[in-house]
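S.K.: Provided below for reference: sequence and predicted model.
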Amino acid sequence: MRNHKNQYPEAVVLTGPVHRDVSADACRQLWCAVLQHGIATALRAIPRTDRALVSSLEIQRARSWIGTPDFRLVCELAGIDPAYAAARVGLRLAQLGAKGGAA
């Protein structure tokens, strides 16, 4: 493994054999699933009980991930505009906060 020195300095790039049988569409679908999971987690309401501390931390980490270089990289790999995605998630979080669903 080595650090990628271009646009995403903290990204890790794995070097090794390239699997030619993996389609670009399958890779895009994978990154779309990663993005969908992160956004869905960020949009969950934070539980109000101590028993849900782990869940609360997961949600807070997902919210902190939105807009980061890693988030932008995942968006680009998924074929999604990172600025648009971050803005839409931010808008939805603001709506949830206004309804009392997000902290």
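M.R.: It's in. Residues are numbered from 1 along each chain as shown.
S.K.: How much space separates residue 75 from residue 21?
M.R.: 26 Å (CB to CB, to the nearest Å). Every C-beta, even on glycine, is put in place using the N, C-alpha and C of the backbone.
S.K.: do residue 91 as well
M.R.: 40 Å.
S.K.: Could you do residue 62 as well?
M.R.: Using CB to CB, one gets 32 Å for the distance from residue 62 to residue 21.
S.K.: Over to residue 61?
M.R.: Note on residue 61: its distance to residue 21, by CB to CB, is 34 Å.
S.K.: Of these two, give the one with the bigger neighbour count.
M.R.: residue 61 (12 against 6; other CB atoms under 10 Å).
S.K.: buried sites along the helix or strand hosting that one?
M.R.: Using DSSP states H and E, residue 61 sits within helix 53-65. Judged by neighbour count (16 or more other CB atoms under 10 Å), helix 53-65 contains these buried residues: 56, 59, 62-63, 65.
S.K.: Residue ranges in this protein under the pLDDT threshold?
M.R.: Where the chain drops to pLDDT under 70, the residues are 1-20, 49-54, 98-103.
S.K.: which other helices and strands contact the longest helix along it?
M.R.: Counting residues, the longest helix found in the chain (DSSP state H) is helix 24-42. Counting contacts by 3 or more CB pairs under 8 Å, 6 or more residues apart in numbering; DSSP states H and E, helix 24-42 is packed against helix 53-65, helix 69-78, helix 82-98.
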